[in-house]
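Undergrad: Task: produce atomic coordinates for the following.
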Amino acid sequence: MTAQLHNQSSGWSWKSFLLGPFWYAGNGMVSKGLVLLLIAIITLGFGIPIIWFYCGLKGKSDLHEKQIKERSQFSPNKI
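TA: Numbering: from 1, shown residues only. Purely as a prediction, here's the structure:
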């Protein structure tokens, strides 16, 4: 089971690579998506290849971390 979770939470993501910061925003990580998009704009587009590569490389693990944080938050409504 652990190996299966590890495979789902790491590795290359074509969706996040192709959509870049927009993928982050669409998956509820709006602030990170905006920061990445801002970096692309500030660098006048020269940072785009690096940012999109980063998104493809880290997208799955960032989403997995977000999901873990959401599950671990205490909510009185869940009782």
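Undergrad: what about the chain, any weak spots by pLDDT?
TA: Within the chain, the segments meeting pLDDT under 70 span 1-8, 75-79.
Undergrad: ok, now with 50
TA: 1-6 (pLDDT under 50).
Undergrad: And the strands in it, which stretches?
TA: For the chain, strands defined by DSSP state E do not occur.
Undergrad: Which parts of it are helices?
TA: With helices called from DSSP state H, the chain shows them at 2-9, 14-19, 21-26, 30-42, 48-72.
Undergrad: which of the ones you listed sits most buried?
TA: Across the helices of the chain, the average number of neighbours (mean count of other CB atoms under 10 Å) peaks for helix 21-26, which reaches a mean of 19. Backbone N, C-alpha and C define where each C-beta goes, glycine included.
Undergrad: Which other helices and strands does it contact?
TA: Here helix 21-26 touches helix 14-19, helix 30-42, helix 48-72, going by 3 or more CB pairs under 8 Å, 6 or more residues apart in numbering; DSSP states H and E.
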